[in-house]
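Peer 1: Test case, fold it:
(one chain, ligands or ions: 2)
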Amino acid sequence: MGIKVEHLNYIYGQGTAFEQHALKDIDLEIKDGEFVGLIGHTGSGKSTLIQHLNGLIRGTSGAIYFNGKNIYEAGYNMQALRSHVGLVFQYPEHQLFEVDVFSDVCFGPKNQKLSKEEIESRSREALTMVGLDESYYKRSPFDLSGGQKRRVAIAGVLAMRPEVLILDEPTAGLDPKGRDEILDQIERLHKEQKMTIILVSHSMEDIARYVDRILVMNHGEKVYDDTPKEVFMHYKELEAIGLAAPQITYVVHTLKERGIPIDTNITTIEEARDEILRLLSK
Ligand code: ADP
Ligand code: MG
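Peer 2: Residues are numbered from 1 along each chain as shown. Ligands and ions are numbered 1, 2, ... in the order given. Modelled structure (predicted):
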């Protein structure tokens, strides 16, 4: 079923001199098994929006449905919602604190009051999902690389077996190798576990090749909600709101403007390579 958001508004500090209308009349739907990118420049409302999706922040007005049920209805089990919709915060490695990797991942399922066997088997399963084998279990999380630490943090959320996984800027501060490591891992979760994924980023380049759909935020509003190809067609408007389309979009449009009959629907380097080879072989 998935998540449905209707006319959601959120105002920080309502009634004070510091009111901040962070979300403005947001409507959106995320279906089971989708891989969605949530994009917008800093301060556009991305983090605020995702914290609504697992009930950490309550909307000022509007409604949110998870699997068809309004989460704002009296008696709704918010704690259960938080385990169904797993949220990996930005810089999650700041929240690693146990002595070893395995204990850290066990922390979440431990709070779900499961048996010791169940806690351990879920934690093992989660570590396998992020590609960390037993040789990591007894290592201190603090001795790992940036990308590895982040994978431990993601495993901590996966161990609670969420249906939806939301990651807030999971590549922030990582080098290109760490970034690819994380994104490839997330893509694998989507493909192999059929997990619904919401990936927050301020970089189109990062997510263009991974997601099925992109939601673009600007000043608290949702301004685009479409496939990457459709969204990148608006590359000039995106630039005006501080977001660049992937570089290859510019290359393709420049070639087109110079009279080369290239398909401007291209959004990845691989597609551009194939299209250029096709044109050259003509
Ligand atoms: P993003 O994640 O896209 O960078 P945020 O959701 O963090 O954006 O912020 C959206 C807006 O809400 C910004 O104007 C920001 O300054 C404001 N904001 C975020 N957190 C708070 C807070 N705790 N108190 C007041 N204003 C906040
Ligand atoms: Mg943010």
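Peer 1: ok, residues contacting stretch 181-190?
Peer 2: Residues from elsewhere that reach stretch 181-190 (C-beta atoms under 8 Å, 6 or more residues apart in numbering): 35, 129-131, 147, 150-151, 154, 158, 165, 167, 170-171, 174, 195, 197, 199, 206-207, 210. Where C-beta positions appear, they are placed from N, C-alpha and C, glycine not excepted.
Peer 1: Pull out the buried members of these.
Peer 2: 35, 129-130, 147, 150-151, 154, 158, 165, 167, 170-171, 174, 195, 197, 199, 206-207, 210 (16 or more other C-beta atoms under 10 Å).
Peer 1: Among these, which ones lie close to ligand 2?
Peer 2: Cross-checking these against ligand 2 (C-beta under 5 Å from the ion) gives no overlapping residues.
Peer 1: Among the residues you listed, which lie within helices?
Peer 2: Using DSSP state H, 129, 147, 150-151, 154, 158, 206-207 are the members of those that sit in helices.
Peer 1: Single out whichever of these has the smallest pLDDT.
Peer 2: Among these, Asp206 has the lowest pLDDT, at 79.
Peer 1: what's the spacing between that one and ligand 1?
Peer 2: As judged by C-beta to the nearest ligand atom, to the nearest Å, Asp206 and ligand 1 stand 15 Å apart.
Peer 1: Apart from its neighbours in sequence, what residue is nearest that residue?
Peer 2: Counting by C-beta to C-beta, 6 or more residues apart in numbering, Asp206 lies nearest to Thr171, which is 5.9 Å off, once chain neighbours are set aside.
Peer 1: residues in contact with that neighbour?
Peer 2: 178-179, 182-183, 201, 203, 206.
Peer 1: what would those residues look like in TSV with distance to Ser140 and secondary structure?
Peer 2: Below are the contacts of Thr171 laid out as TSV (distance: C-beta to C-beta, whole Å; DSSP: H, G, I helix; E, B strand; the rest coil):
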residue	distance to Ser140	secondary structure
Gly178	18	helix
Arg179	23	helix
Ile182	20	helix
Leu183	25	helix
Ser201	29	strand
Ser203	31	coil
Asp206	29	helix
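Peer 1: Is the strand or helix carrying Gly86 positioned near ligand 2?
Peer 2: Following DSSP states H and E, one finds Gly86 within strand 85-88. No: shown here: strand 85-88 not in contact with ligand 2 (C-beta under 5 Å from the ion), separated by at least 12.0 Å.
Peer 1: partner strands of that strand, parallel or antiparallel?
Peer 2: Sheet neighbours of strand 85-88, with direction, are listed as strand 164-168 (parallel) (DSSP bridges).
Peer 1: Tell me the gap between the partner strand and the middle of its chain.
Peer 2: Here the centre of strand 164-168 is set off from its chain's centre by 5 Å, with C-alpha atoms, centre = their mean, to the nearest Å.
Peer 1: mean confidence for that strand?
Peer 2: Across strand 164-168, the per-residue pLDDT values average to 97.
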